[in-house]
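# curious how this folds, go ahead:
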Amino acid sequence: MRMHLAVLLFVALLSVATFALDNGVMRVPPMGWLAWERFRCDIDCEHDPKNCISENLFIDMADRLAEDGWRELGYVYVNIDDCWSSMKRDDKGRLQADPKRFPGGIHKLSRYLHDRGLKLGIYGDMGTHTCGGYPGTTLDKIDLDAQTFADWEVDMFKFDGCYSNATEQALGYPLMSKALNATGRPIGYSCSWPAYHGGLPPKVNYTQLGEICNLWRNYGDIQDSWDSVLNIINWFFENQEVMISAAGPGKWNDPDMLIVGDFGLSMDQSRSQMALWAIMAAPLFMSNDLRTISSKARTILQNKMAISINQDPMGIQGRRIVKEKIGIDVFWRPLSNNASALVFFSRRNDMPYRYQTTLSKLNYTTGTYKIYDVFTDKTMILKDSTGFVVSVNPTGVVMWYVSAPATRNLRQFHKGGRLRGSAHDDENANPRVFL
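Now for the predicted structure:
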């Protein structure tokens, strides 16, 4: 068995050296809805029919995406996560949906979504079992399962790694990429591989991931709490040099689901998650109940400018450019048409903080800029040298879209680059613009 695995590993690695993912999908971060964080593995349809993992739940969410303005904004994926299958494969060895919870089968569900201009995503695991204990996709089942998903007209596949080891993962993730492409159906491929190895080199090879996957989970699962969101933010930006170089059109870092509209975040924290996921060029997969979501949460998730920043076709992941001891961070992302996005983020828990700076100190070149406040819809004209104050709520953000009149000095943002000046230089003591 060990010799067999060694031979398979050698063949897989040899082939990966000349293989690049070219499935033509997810050139911008994918958007949609994902079941896991909000509904987990609830299969008790007898006592909780509206919330259990069943055909009805996904039809309900598809209807909401199609009828409540989400689809037109780009939220088109409806993604099934764990616990959808029967505990046994069929008599031909194929995965099959639980017949009680999915009486029409997965293919019928995909047709329902496609008829409404939506796409279906599904979940699998390369181990002996999924994380929830359902049948996994072991190495000998990869080709069969990939073809099964294609036959069902699935549009995205998430491949988890529970109950597998490092050797099997090194084999399985590249082999599944090839198997999906071999079906002839364009299927977006989400890999959980990095999350099982700490998310960083040398254990994680992001060059290889970009050749075989469209997106990948780097870090642990998000939970419905601000602490969880903040931990993810911290990890991604503390390792931003690695993350930024890994991402681009068709290959995205995935900090996990948007939990806006659930129970754990305030409205300010919800805007913070939306803003920073946009800066990170992250996939925007909501995990909430679209049937009961509040109008305030919906407004955040349907913010057209935040979505436009996230979906920028250049696909450059943004970075943190300032981290102040007083608890204010500033993030920046370059955008098409010589524009950019800025986010002023408060880690504070006490009261709104009045943060003072200038665009020139954030390394903008000489010129006059048009500023659009993403969450208030206010606009203003601002010279690079003009001092300004932004009032940032505790755990909240101010997010700007900056229309640039001149090329920004990108050299300062290469690895090891430093910003000119400080937010507290004497010349900035009396700012003239208040926002």
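# count of residues packed around the closest residue in space to G220 that isn't next to it in sequence?
Closest residue to G220 apart from its sequence neighbours, by C-beta to C-beta, 6 or more residues apart in numbering: A195 at 6.7 Å. Glycine gets a C-beta too; all of them are placed from N, C-alpha and C. Per other C-beta atoms under 10 Å, the neighbour tally for A195 reads 19.
# now do the contacts for A195.
By C-beta atoms under 8 Å, 6 or more residues apart in numbering, the contact set of A195 is G161, W216, R217, N218, Y219, G220.
# now with 7 Å?
R217, N218, Y219, G220 (C-beta atoms under 7 Å, 6 or more residues apart in numbering).
# secondary structure element holding the residue nearest to the second one when sequence neighbours are not counted?
Read it as N218. Spatially, and ignoring its direct neighbours in sequence, N218 is nearest to G199 (4.1 Å; C-beta to C-beta, 6+ apart). Using DSSP states H and E, G199 falls within no helix or strand.
# hey, where'd the strands end up in the stretch 201-350 of the chain?
Counting by DSSP state E, counting those that start in this stretch, the stretch 201-350 of the chain has strands at residues 215-217, 252-254, 284-286, 319-323, 328-334, 340-346.
# out of these, flag the one nearest R71.
Among those, strand 284-286 comes nearest to R71, with 12.7 Å by C-beta to C-beta.
# what residues of that closest one count as buried?
L284, F285, M286 (16 or more other C-beta atoms under 10 Å).
# let me have these in TSV, extended by distance to K383 and pLDDT.
Below are the buried residues of strand 284-286 laid out as TSV (distance: C-beta to C-beta, whole Å; pLDDT from 0 to 100):
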residue	distance to K383	pLDDT
L284	34	99
F285	39	99
M286	38	98
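# for N310, find the nearest of the strands of the stretch 201-350 of the chain.
Nearest of the strands of the stretch 201-350 of the chain (C-beta to C-beta): strand 284-286, 6.0 Å.
# helices and strands around the closest one, which ones?
strand 31-34 (3 or more C-beta pairs under 7 Å, 6 or more residues apart in numbering; DSSP states H and E).
# mind saving the C-alpha coords of whichever helix or strand comes after the strand it packs on as PDB?
Following strand 31-34 in sequence order, the next helix or strand is helix 36-39 (DSSP H and E). The C-alpha trace of helix 36-39 is given here as PDB (Å, rounded to 0.1, in the frame of the first residue of the first chain):
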ATOM      1  CA  TRP A  36     -22.900  25.800   6.600                       C
ATOM      2  CA  GLU A  37     -22.400  28.500   9.200                       C
ATOM      3  CA  ARG A  38     -26.100  29.300   9.600                       C
ATOM      4  CA  PHE A  39     -27.600  25.800   9.200                       C
END
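# what about the nearest residue to D151 once chain neighbours are set aside, distance to I316?
The shortest distance from D151 to any residue other than its chain neighbours is 7.1 Å, reached at H107 (C-beta to C-beta, 6+ apart). The gap separating H107 from I316 is 38 Å, by C-beta to C-beta, to the nearest Å.
# same check on K158?
25 Å.
# higher neighbour count, the two?
K158 (25 against 16).
# nearest residue to the more buried one other than its sequence neighbours?
K158 sits nearest to S190 (C-beta to C-beta, 6+ apart), 4.1 Å away.
# direction included, what does the strand or helix carrying that neighbour pair against?
Element membership for S190, per DSSP H and E: strand 188-191. Applying DSSP bridges, strand 188-191 is found paired with strand 156-160 (parallel), strand 215-217 (parallel).
# do I have it right that A66 meets L118?
Yes. Using C-beta atoms under 7 Å, A66 is in contact with L118, at 6.5 Å.
# the more surrounded of those two?
Shown here are A66 and L118; by other C-beta under 10 Å, L118 has more neighbours (23 against 19).
# distance between the ends of stretch 305-323?
25 Å (C-alpha to C-alpha, to the nearest Å).
# list the buried residues of that stretch.
Quick answer for stretch 305-323 (16+ other C-beta under 10 Å): 305-312, 315-322.
# what's the closest of the strands of the stretch 201-350 of the chain to E37?
Per C-beta to C-beta, nearest to E37 of the strands of the stretch 201-350 of the chain: strand 284-286, 9.2 Å.
# how is H107 assigned, secondary-structure-wise?
helix (DSSP: H, G, I helix; E, B strand; the rest coil).
# M257 contacts L284, correct?
No. With contact defined as C-beta under 7 Å, M257 does not reach L284; the gap is 9.0 Å.
# how distant is stretch 384-400 from the center of its chain?
Offset of stretch 384-400 from its chain centre (C-alpha atoms, centre = their mean, to the nearest Å): 25 Å.
# ends of that stretch, how far apart?
End-to-end distance for stretch 384-400: 14 Å, by C-alpha to C-alpha.
# pLDDT on it, on average?
Averaged over stretch 384-400, pLDDT sits at 98.
# list the buried residues of it.
Going by 16+ other C-beta under 10 Å, stretch 384-400 has these buried residues: 384, 387-390, 392-400.
# stretch 100-115 too?
R101, F102, I106, L109, S110, Y112, L113.
# same check on stretch 42-50?
Residues of stretch 42-50 classed as buried: D42, I43, C45 (neighbour count, 16+ other C-beta under 10 Å).
# tell me the secondary structure for the first one?
Going back to what we said before, that points to D42. D42 - assigned by three-state DSSP - is coil.
# quick check, pLDDT for it.
The model's pLDDT for D42 equals 97.
# touching, it and P49? I think so.
No. Checked against C-beta under 7 Å, the pair D42 and P49 is beyond contact range at 10.3 Å.
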